[in-house]
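Student: model this:
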Amino acid sequence: MAEPYKDVRLVLGDPDPAFGKTVSSAVFPLGLRDISVCIDGERLRDATAATVDVVACDTSLPKLDFRSFAQDVRHGKVGQNPFVILIATVLDEAAAKAEHIPECGIDEMIAKPVNPLLLVRRIGMLAKDRKPFVLTPGYVGPSRRAARRNDGSDDAVVAVPNTLRARVVEQKSDGAVDGLVVAGRTTLNQGIAASGVNVIARLVRQLGERQSEGAGIEEFRRLLGALARMASQVASEHRDSGSSRNIPPIAERMRRLASRAEAAPARPPQAELDLLARLSDAANVALADGTGAADAVPEIVAVVDSYLARS
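Tutor: Coordinates of the predicted model:
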């Protein structure tokens, strides 16, 4: 008897241990044996530390903020596979939508009580096909729109590895699957960085336009506040490979400069807007050319540090 799911790793998060036993029985004929059943968030995080292929979790699981957990997974802060299939099981679909569960990075949402056979069918569908990922400063995960395109906006849409498909359909080895994840993480990190840098560039450009128009201080404070928040978010992202590793020090200087300008009693001087523009340009250099960034980043960082120290 064929067992296409024999190498698949499934993690179930549900406060009822009996549910895990029921699902285990339902997937047994497919050959799926590697199942971790977790009755609280702490155990769920431990179980997902390895490279797993599917996580099906009750959004009300004790000791778990599900939305934060989902985005931590997608950003690579939990587990080894940010592309894992994420299925949310919910007690109340209307309440789940009000809490923005569908927008936290999941692939599917299923209402409880969950029919184990329905869960198996959904997993089978996702093994054949899944949506591309959208990469924005605030969201990483499957596209929630039926026909999303990468049209040059802040939202990058990329195809990502589907380790479930790789194991079930393509019958790839563990080593091959791990290779897909490693390559995909590099693309993911660079895409997240690019999305944030694009937003920063737009805000810096708008600041220059408002300066030319003679806009009032409140408009400057609005843009500078948005810039400081975005720069802070970009600076806090951990990127351990690729040219995007040069971006956090640039973003941190931008945050400091924008925050100080936002709190000032007058519009920012042209010198500060020029520094923000240079930082934005350096971030783009860091994205496009890691070698060039090795010189560009320390130079602009030193200039900004000197300016902040003496003014």
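
Student: number of residues surrounding Gly208?
Tutor: 14 (other Cβ atoms under 10 Å). The way it works is simple: take the backbone N, C-alpha and C, and place the C-beta from them, glycine included.

Student: these two touch, right, it and Ala277?
Tutor: Yes. Using Cβ atoms under 8 Å, Gly208 is in contact with Ala277, at 6.8 Å.

Student: how close does Pro137 get to Asp274?
Tutor: 24 Å (Cβ to Cβ, to the nearest Å).

Student: okay, these two: which has more neighbours?
Tutor: More neighbours surround Pro137 than the other of Pro137 and Asp274, with 20 against 12 (other Cβ under 10 Å).

Student: ok, and the closest non-adjacent residue to the more buried one?
Tutor: Nearest non-adjacent residue to Pro137, counting by Cβ to Cβ, 6 or more residues apart in numbering: Gly196, 4.7 Å away.

Student: any idea of the pLDDT on the one you found?
Tutor: What the model reports as pLDDT for Gly196 is 88.

Student: the helix or strand encompassing it - contacts with which helices or strands?
Tutor: Using DSSP states H and E, Gly196 sits in helix 174-213. The elements that helix 174-213 packs onto, with contact taken as 3 or more Cβ pairs under 8 Å, 6 or more residues apart in numbering; DSSP states H and E, are strand 133-135, strand 156-158, helix 163-168, helix 217-236, helix 247-263, helix 270-288.

Student: mean pLDDT lowest for which of these?
Tutor: strand 156-158 has the lowest average pLDDT among the helices and strands packed on helix 174-213, namely a mean of 79.

Student: ok, that strand: who's next to it in the sheet?
Tutor: Strand pairing for strand 156-158, determined by DSSP bridges: strand 133-135 (antiparallel).

Student: outside of the next helix or strand after the partner strand, which residues touch it?
Tutor: Sequence-wise, the next helix or strand downstream of strand 133-135 (DSSP H and E) is strand 140-142. Residues outside strand 140-142 that contact it (Cβ atoms under 8 Å, 6 or more residues apart in numbering): 70-71, 74-75, 82, 86, 104-107, 130-134, 188, 192.

Student: I'd like to know which of those residues are buried.
Tutor: Burial by neighbour count, 16 or more other Cβ atoms under 10 Å: within the contacts of strand 140-142 this picks out 70-71, 74-75, 82, 86, 104-107, 130-131, 133-134, 188, 192.

Student: and stretch 166-185, how far apart are its ends?
Tutor: 16 Å (Cα to Cα, to the nearest Å).

Student: could I get the buried residue list for it?
Tutor: Ala166, Arg167, Val168, Lys172, Val177, Leu180, Val181, Gly184, Arg185.

Student: determine which two of these are furthest apart.
Tutor: Greatest spatial distance among the buried residues of stretch 166-185 (Cβ to Cβ): Val168 and Arg185, at 21.3 Å.

Student: closest to Gly20 out of the helices and strands packed on helix 174-213?
Tutor: Between the helices and strands packed on helix 174-213, helix 163-168 lies closest to Gly20; by Cβ to Cβ that is 18.9 Å.

Student: show me what that closest one is in contact with.
Tutor: Contacts for helix 163-168 (Cβ under 8 Å, 6+ apart): 4-5, 7-8, 51, 53-54, 81, 83-85, 123, 126-130, 172, 176-177, 180-181.

Student: Ala228 contacts Ala258, correct?
Tutor: Yes. Counting by Cβ under 8 Å, Ala258 is a contact partner of Ala228 at 4.0 Å.

Student: who's more crowded, those two?
Tutor: Ala258 (28 against 21).

Student: wait, that one sits on Ala231?
Tutor: Yes. Assessed by Cβ under 8 Å, Ala258 is found in contact with Ala231 at 6.2 Å.

Student: the residue nearest to Phe133 when sequence neighbours are not counted sits in which helix or strand?
Tutor: Computed as Cβ to Cβ, 6+ apart, the closest residue to Phe133 that is not its neighbour in sequence is Val160, at 4.8 Å. Following DSSP H and E, there is no helix or strand that holds Val160.

Student: what pLDDT does Val160 get?
Tutor: Residue-level pLDDT assigned to Val160 equals 89.

Student: show me what contacts it?
Tutor: With Cβ under 8 Å, 6+ apart, Val160 has these contacts: Phe83, Pro132, Phe133, Gly184, Thr187, Leu188.
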